[in-house]
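Q: pasting the sequence and the predicted coordinates here, then a few questions.
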There are 2 protein chains.
Amino acid sequence: MKSQTFRMTMLYDFYGELLTERQKEFYDLYYNEDLSLSEIAENYGVSRQGVRDVIIRAEAVMNDVEEKTGIVKRFMGLQAKIGAIEDAARQLRELNYRRYENPELGRLADTIEKNIAALKE
Amino acid sequence: MKSQTFRMTMLYDFYGELLTERQKEFYDLYYNEDLSLSEIAENYGVSRQGVRDVIIRAEAVMNDVEEKTGIVKRFMGLQAKIGAIEDAARQLRELNYRRYENPELGRLADTIEKNIAALKE
């Protein structure tokens, strides 16, 4: 399961609130806190297999929603475009610095960079 | 129900695939094709109340997911930031046009505008 940690973290970020409290707890401990199945099992006084079942069920719930809606995929597709805008804003700042020193151009680069940073939150 | 058309269209755009085929059909006809409950009822040979129940159930499914995840709200929050970047790119283009006529600046404005347009798709 852990080979998919990045994807699972994204799914949890978007769909975590669709899970039950117990699913959220185990999922969070396993993927975000990096505890092992055995450690979680010991802390909660349940079997390792029981922990595993809960996490697999949580993944299935989120994978099912993602398969239908494609929302996480859509968000990840935005990242490349956001990166391209960020590059352009940096080039604008550099061009202004080495050639124009125009405060208005500097402010435009600031505005773009500030709003791009907010998009990435 | 129709007073909420914009919100319902957004919910459908994100979560429509979580609905059953029948829910999708009725929802689409009502909100996107603007048929009345009675028209849908007549076309499908069911009662007006039956159509209404299906649509209300579809709304409940999508509202429930949105209440938990807040994904549509998050997406709508991005729109203001995208608008601010779009404004900055337009100002950059105008400033370049009336003062610098630098093709590099023009290309940066193009890049930003092209990627912003893609973000809005």
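A: It's in. Numbering: from 1, shown residues only, chains lettered A, B, ... in the order given.

Q: which parts of chain A are helices?
A: A:5-15, A:21-27, A:37-44, A:48-69, A:71-95, A:103-119 (DSSP state H).

Q: the shortest one near chain B at all?
A: Pointing back at helix A:21-27 there. No - Helix A:21-27 lies out of reach of chain B by CB under 8 Å from any CB of the partner chain, never closer than 11.3 Å. The C-beta positions use only the backbone N, C-alpha and C, and glycine is treated the same way.

Q: what's in contact with that helix?
A: Residues outside helix A:21-27 that contact it (CB atoms under 8 Å, 6 or more residues apart in numbering or on different chains): A:8, A:12, A:16, A:19, A:40, A:44, A:51, A:54-55, A:57-59, A:61.

Q: could I get the helices of chain A as TSV with mean neighbour count?
A: As requested, these are exported to TSV (neighbours: other CB atoms under 10 Å in any protein chain shown):
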stretch	mean neighbour count
helix A:5-15	17
helix A:21-27	18
helix A:37-44	16
helix A:48-69	17
helix A:71-95	17
helix A:103-119	18
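
Q: for B:Glu113, which of the ones you listed is the nearest?
A: helix A:71-95 (9.5 Å; CB to CB).

Q: which elements pack onto that closest one?
A: Counting contacts by 3 or more CB pairs under 8 Å, 6 or more residues apart in numbering or on different chains; DSSP states H and E, helix A:71-95 is packed against helix A:5-15, helix A:48-69, helix A:103-119, helix B:71-95, helix B:103-119.

Q: A:Ile82: which of these is closest?
A: helix A:103-119 (5.6 Å).
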